[in-house]
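1. only geometry, no sequence info:
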């Protein structure tokens, strides 16, 4: 059965202690609410996000990356709370799933138990070895009897190990009937979604539990929670890639963005960081290197290399302390201590130690074009815009400010001056 999805993201997130809305904090390369949206889009063509705090910022971020998402601004002044968030929402489908925008580990697979339960009201529940701090869910003969806050539990109820995981599936009819009847006659003076469970039980509706795994239903309320959720998501991302055949040496030290693509026989050594929409195909990234929004095909980088955005390496080797930015290298060797920015370098060319492309004049960026089989000696400065044609040699120590023709040697060095016995004269006194 098709279902509509409502994502609750109206909270203030005060425990994050941040000016940024909680649901826009990044986990593995995406704002946490984007992970929830990704899961939702696999399950539904009717998604509504409920917002309030910094709603314009959140909506703009979502609309920049997603299409077809509807938004509802909660009337927090008059109807605060999770129940208030659901007032006056029209859904397309009869079945409605209610998700939380601050549970970024949720996935289509993790939600399967909730989708499979047939009931007027289905709620996700966890069985915990230590349920301390959670409201308990009393279940009898496969049906939910009651949700009890811990402070209200009797001694017998404290022994219950089943707790509320915070996501629901209800019929559209239940929402339309129950949400307007919610009361805020409680200590917080808020309208609570959990109250529909008690209402359903009292009125003889079918209220069923959906047992889910704890790791996928972790809420993020603080930056500590954010860090723990990132660790868990990284475990999932790296596990998936290793099962696809990627080699990771000391995977606990490696970071892989959720947007990255790894193909073929890749090797990631310890301490490597793969960021953004990077693509690695048959690539070897050596220890402590950073690849960011770059593409490596049959290439090796590092150790301690940095490949920055808009860089493409094909059949190339860049070694330790080499930085590449907005450049295309094809069949190139740059062993160490070089910077190649805004450049195109063709096959067979060698970039010596200490070579830099001087691509920025203080106002604009300029291109360096290097042809095939070019040898650039150590400690050269290539002042862009400049073109070096095929089969050229740039002598070590050269500051190049003019184009070099095919087969030429370019050399610029100041005359060597020697002063006899200067050491003894200098230190005489």
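-> Cool, got the structure. Keep in mind that what you see is a predicted model, and the values were worked out from it rather than measured.

2. next up, the contacts around residue 404.
-> If a contact means CB atoms under 8 Å, 6 or more residues apart in numbering, then residue 404 has 386, 387, 388, 389, 392, 394, 410 as its contacts. C-betas here are computed from N, CA, C, even on glycine.

3. swap in residue 333?
-> For residue 333, the contacting residues are 316, 317, 349, 350, 351, by CB under 8 Å, 6+ apart.

4. and if we set it to 6 Å?
-> The neighbourhood of residue 333, defined by CB atoms under 6 Å, 6 or more residues apart in numbering, consists of 317, 350.

5. how much space between it and residue 299?
-> Taken as CB to CB, to the nearest Å, the spacing of residue 333 relative to residue 299 amounts to 11 Å.

6. over to residue 138?
-> Residue 138 sits 59 Å away from residue 299, taking CB to CB as the criterion.

7. and what of residue 113?
-> Distance, residue 113 to residue 299, by CB to CB: 43 Å.

8. so for those two, which residue has more residues nearby?
-> Shown here are residue 113 and residue 299; by other CB atoms under 10 Å, residue 299 has more neighbours (24 against 17).

9. quick one, grab the pLDDT at that one.
-> According to the model's per-residue confidence, residue 299 sits at a pLDDT of 98.

10. so it touches residue 313, yeah?
-> Yes: between residue 299 and residue 313 there is a contact under CB atoms under 6 Å: 4.0 Å.

11. residues that sit against both of those two, list them.
-> Counting by CB under 6 Å, 6+ apart, residue 299 and residue 313 have no common neighbour.

12. residue 101 reaches residue 34, doesn't it?
-> No: here residue 101 lies out of contact with residue 34, judged by CB under 6 Å, at a distance of 9.6 Å.

13. neighbour count: the two, which is higher?
-> Neighbours per residue (other CB under 10 Å) separate residue 101 from residue 34, with residue 101 holding more: 28 against 21.

14. how much space separates that one from residue 158?
-> With distances defined as CB to CB, the gap from residue 101 to residue 158 amounts to 31 Å.

15. residue 333 pairs with what?
-> On DSSP bridges, the residues paired with residue 333 through beta bridges are residue 317, residue 350.

16. per-residue confidence at it?
-> Per-residue pLDDT puts residue 333 at 98.

17. the closest residue to residue 172 other than its chain neighbours: neighbour count?
-> For residue 172, the nearest residue in space outside its immediate sequence neighbours is residue 94; the separation is 4.9 Å by CB to CB, 6 or more residues apart in numbering. Residues near residue 94, counting by other CB under 10 Å, number 12.

18. go on, residue 346?
-> A count of nearby residues for residue 346, using other CB under 10 Å, gives 18.

19. make sure it is actually in contact with residue 371.
-> Yes: contact criterion CB under 6 Å: residue 346 and residue 371 qualify, at 5.2 Å.

20. what do these two both touch?
-> Between them, residue 346 and residue 371 share no contacting residue, judged by CB under 6 Å, 6+ apart.

21. would you map out the domains in the protein?
-> Domain segmentation of the chain under automatic domain parsing yields 3-123+166-203, 223-410.

22. pLDDT and neighbour count added to the contacts of residue 404, as CSV?
-> Rendered in CSV, the data for the contacts of residue 404 read as follows (pLDDT from 0 to 100; neighbours: other CB atoms under 10 Å):
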residue, pLDDT, neighbour count
386, 98, 20
387, 98, 17
388, 98, 26
389, 98, 16
392, 98, 23
394, 98, 26
410, 98, 21
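
23. residue 144 contacts residue 207, correct?
-> Yes: here residue 144 lies in contact with residue 207, judged by CB under 6 Å, at a distance of 4.3 Å.

24. name the single longest helix found in this structure.
-> Secondary structure of the chain per DSSP state H: the longest helix is helix 223-243.

25. partners of the helix or strand just after that helix in the sheet?
-> Using DSSP states H and E, the next helix or strand after helix 223-243 towards the C-terminus is strand 247-248. Partner strands and pairing direction for strand 247-248 (DSSP bridges) are strand 267-268 (parallel).

26. check which helices and strands the helix or strand following the strand it pairs with sits against.
-> Scanning forward in sequence from strand 267-268, with DSSP H and E defining helices and strands, the next element found is strand 273-275. With contacts defined as 3 or more CB pairs under 6 Å, 6 or more residues apart in numbering; DSSP states H and E, strand 273-275 has these neighbours: strand 290-292.

27. look at residue 169 and tell me its secondary structure.
-> Under DSSP: H, G, I helix; E, B strand; the rest coil, residue 169 falls in the strand class.

28. could you pull up the contacting residues of it?
-> Contact criterion CB under 6 Å, 6+ apart gives 97, 114, 122 as the residues in contact with residue 169.

29. any idea how far the strand or helix carrying residue 425 is from the chain center?
-> Assigned by DSSP H and E, residue 425 falls within helix 422-426. Going by CA atoms, centre = their mean, to the nearest Å, the spacing between the C-alpha centre of helix 422-426 and its chain's C-alpha centre is 61 Å.

30. quick check: mean pLDDT across it?
-> Within the predicted structure, the mean pLDDT of helix 422-426 is 91.

31. picking up where we left off before, now do the longest helix of the chain: distance to the chain's middle.
-> From the chain centre to the centre of helix 223-243 is a distance of 10 Å (CA atoms, centre = their mean).

32. now do that helix: which elements does it pack against?
-> Counting by 3+ CB pairs under 6 Å, 6+ apart, helix 223-243 packs on strand 26-27.

33. name every strand pairing with the strand it packs on and say which way it goes.
-> Here the strand partners of strand 26-27, with direction, are listed using DSSP bridges: strand 30-31 (antiparallel).
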